[in-house]
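Visitor: When you get a sec, could you give me coordinates for this:
(3 chains)
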Amino acid sequence: MATYVVVHGAWHDGSLLADVAGHLEGMGWSVHTPTILGNGAGEDKSVGLDAAIGSIADYIAAHDLTDIVLAGHSYGGMIISGVYDRMPDRIKRLVYWNAFVPHDGESLDDLVPPPFAQLFSDLAQAGGSGGFSVPYPIWRDGFFSDGDGNLAQNAYDKLNPHPHATFADKISLKSAPGNWEVGKSYINGLNDAAMPHSLGWHPRLSERLGIFRLVQVMDGHEALFINPKGAAEALHMAGQD
Amino acid sequence: MATYVVVHGAWHDGSLLADVAGHLEGMGWSVHTPTILGNGAGEDKSVGLDAAIGSIADYIAAHDLTDIVLAGHSYGGMIISGVYDRMPDRIKRLVYWNAFVPHDGESLDDLVPPPFAQLFSDLAQAGGSGGFSVPYPIWRDGFFSDGDGNLAQNAYDKLNPHPHATFADKISLKSAPGNWEVGKSYINGLNDAAMPHSLGWHPRLSERLGIFRLVQVMDGHEALFINPKGAAEALHMAGQD
Amino acid sequence: MATYVVVHGAWHDGSLLADVAGHLEGMGWSVHTPTILGNGAGEDKSVGLDAAIGSIADYIAAHDLTDIVLAGHSYGGMIISGVYDRMPDRIKRLVYWNAFVPHDGESLDDLVPPPFAQLFSDLAQAGGSGGFSVPYPIWRDGFFSDGDGNLAQNAYDKLNPHPHATFADKISLKSAPGNWEVGKSYINGLNDAAMPHSLGWHPRLSERLGIFRLVQVMDGHEALFINPKGAAEALHMAGQD
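Guide: As a prediction, the model looks like this:
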């Protein structure tokens, strides 16, 4: 197999992908799960999208990774889109895992229902530091619907405040994802209702990729906690030649 | 666990949920499956929606059930919506199981394709007593698609005529489901085509709940007969804290 | 059980359904998997839709098959629609398996996104003989998304050029599928993205059948290679009484 770089989503960090990475390694992949700048406890939460993208591009360059499969989960879709824009030659395939697929000039906030963007903004404003968290009841039902209540609380306790500027900043891309000459895959969990299904991940965002490989599974948004083996299998299916 | 009250759908009665209830009890729940007024063989089939709702509210009051998870299957969604409107303080979470989610002033007939409502009306008119049944071929293919033919016939023979007025009567609700301050879940079976998927259960009706927990499974509309263990697992996932 | 006639899709031939047929026979069905005129290596690739339909109707007449369940996969939906139009009395149930459901006067090309029809036309023009193949990268990601890469290549090597006229020719039908008095089923694989899901197989094409039995599974478009046992189980579920 080749090298898999899996980029986490908002409120997460790379360490939370350890179980998924272990299963992928068991399938023969060399796996990296870097933490995006601005995530992690104690980090500067005023970080913006450009710096966040840069931190993963820097990681890939520093480790001189080439011919990689680059996956992004949720917010991680913004990151991998920006990384591909900066270093297309290092990337063999992009895997969007219930992830945002932006066009040039769009922010993550542009791709969610307007009330969500407003809630994020209100929460960040109230926090003061630039970082914010999703209230537990919303996360429990909206993000962790297919998990046990104890596991939900346990997982929630491992999350970290997310830098709000990375949601509000517009991305800069030289061309549209549908035109990118790279392998593309989209993993969609049928129990993932982090986006309301009337304005869902797939096909609304996935089809921006043009020709792509679809992998639909029964998982929800937090399969990395609830079903890490299944998540690894979906990533394997999406990332292989 | 807490107390689960599971309200059956049209043409059914509470006894048909015995297998599902058994599995839920095995998971630690205390389970009630009352029969709605107007259902059951030999019942008065001129019963309307208000009395049907009242019968389940009365059951809950008579047994002094509190802190309950209240699920409704299909037509049962009309019932649990009305019960919540009358006694919100007894209810911890509502679970809609491929169920109707009405707004104030709507009938079940308002939420199905107009030709369905016409067919229901014609069948009831022909019957004379106020009750009506779905013809077997429609039920076999439309409601029991994921089941064996012998089981389909066997299950069909256990159904009872449904009081048509409960489909035609408008419900009275003090506020919209999206504003109710109660836990909400929606179970959607991907093989449930009792509603045509161009006008489906989810997200068309589910998203009326506002923030809710989605549980999608592969089952069809009659999982209570075909996969009672799976139905219980979905109810458990939807109903737990 | 009864007799099952399973009609393959474009670029395929009847021999590729051998594994599926074996599993169906194990469930008690008598199974036929004829090859449509124009498919197979070395065949005349200038064949049109009318002759293609005629070849399967002739097969059924020659074997004097009656009371049959007639399934069509993908392009095979065009064929079984035409066969039913010609010999309705021999057919007990039609099973569309991620298949096209045409109305009178429509071609397969009318039912796919316009860029697909253009691509098919361009490829056929370039080929010269009337036959054409889908380029491997498109087939790998678009048709074989849920399969292993080695199996994808191996399966691709077994395909044969498809006669383009069968995609461009309009079908002639005496009445609309919704009015046909025959059992109808639709099998939809949730990983089947041969049609983009914004213009998907189901419910866009399936609901043209009127009342029908829906069987949704997790498979992709090429379950006959990737999961022949599952494909047979879906056909059994769709085809039984």
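
Visitor: Residues of chain A that sit close to chain C?
Guide: Counting by C-beta under 8 Å from any C-beta of the partner chain, the positions of chain A adjacent to chain C are A:183-185, A:190, A:202-204, A:206-207, A:211-218, A:237, A:240-241. No exception for glycine: its C-beta is placed from N, CA and C like everyone else's.

Visitor: go with 7 Å
Guide: A:His202, A:Pro203, A:Glu207, A:Ile211, A:Phe212, A:Arg213, A:Leu214, A:Val215, A:Gln216, A:Met237, A:Gln240, A:Asp241 (C-beta under 7 Å from any C-beta of the partner chain).

Visitor: which among those end up buried?
Guide: For the residues of chain A next to chain C, a burial check counting by 16 or more other C-beta atoms under 10 Å in any protein chain shown picks out A:His202, A:Pro203, A:Glu207, A:Phe212, A:Arg213, A:Leu214, A:Val215, A:Gln216, A:Met237, A:Gln240.

Visitor: Identify the farthest-apart pair in the residues of chain A next to chain C.
Guide: Taking C-beta to C-beta as the measure, the residues of chain A next to chain C span a maximum distance of 24.1 Å, between A:Pro203 and A:Asp241.

Visitor: what's the nearest residue to A:Asn179 once chain neighbours are set aside sitting at in phi/psi?
Guide: Among residues not flanking A:Asn179 along the chain, A:Gly210 sits closest, at 7.1 Å (C-beta to C-beta, 6 or more residues apart in numbering or on different chains). Taking degrees, to the nearest 10, you get phi 80, psi -130 for the backbone angles of A:Gly210.

Visitor: which residues in chain A form helices?
Guide: Assigned by DSSP state H, the helices in chain A fall at A:18-26, A:49-62, A:76-86, A:114-127, A:136-142, A:149-156, A:165-168, A:223-226, A:228-239.

Visitor: can you redo the ones you listed as CSV with mean pLDDT and distance to A:Lys174?
Guide: Output for those, formatted as CSV (pLDDT from 0 to 100; distance: least, C-beta to C-beta, whole Å):
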stretch, mean pLDDT, distance to A:Lys174
helix A:18-26, 98, 30
helix A:49-62, 98, 13
helix A:76-86, 98, 6
helix A:114-127, 96, 26
helix A:136-142, 96, 34
helix A:149-156, 97, 37
helix A:165-168, 98, 20
helix A:223-226, 98, 31
helix A:228-239, 98, 24
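
Visitor: Using a markdown table, lay out those helices together with distance to B:Glu233.
Guide: Shown next, in a markdown table, are the helices of chain A (distance: least, C-beta to C-beta, whole Å):
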| stretch | distance to B:Glu233 |
| --- | --- |
| helix A:18-26 | 23 |
| helix A:49-62 | 39 |
| helix A:76-86 | 31 |
| helix A:114-127 | 30 |
| helix A:136-142 | 18 |
| helix A:149-156 | 15 |
| helix A:165-168 | 35 |
| helix A:223-226 | 14 |
| helix A:228-239 | 16 |
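
Visitor: tell me the contacts of A:Trp180?
Guide: Applying C-beta atoms under 7 Å, 6 or more residues apart in numbering or on different chains to A:Trp180 gives the contacts A:Tyr84.

Visitor: now do A:Phe143
Guide: A:Ala194, A:His221, A:Glu222.

Visitor: can you pick the most crowded of these?
Guide: Highest neighbour count within the contacts of A:Phe143: A:Glu222, with 29 neighbours (other C-beta atoms under 10 Å in any protein chain shown).

Visitor: In terms of pLDDT, where does the closest residue to it other than its chain neighbours sit?
Guide: With sequence-adjacent residues excluded and distances taken as C-beta to C-beta, 6+ apart, A:Glu222 is closest to A:Phe144, at 5.2 Å. On pLDDT, A:Phe144 comes in at 97.
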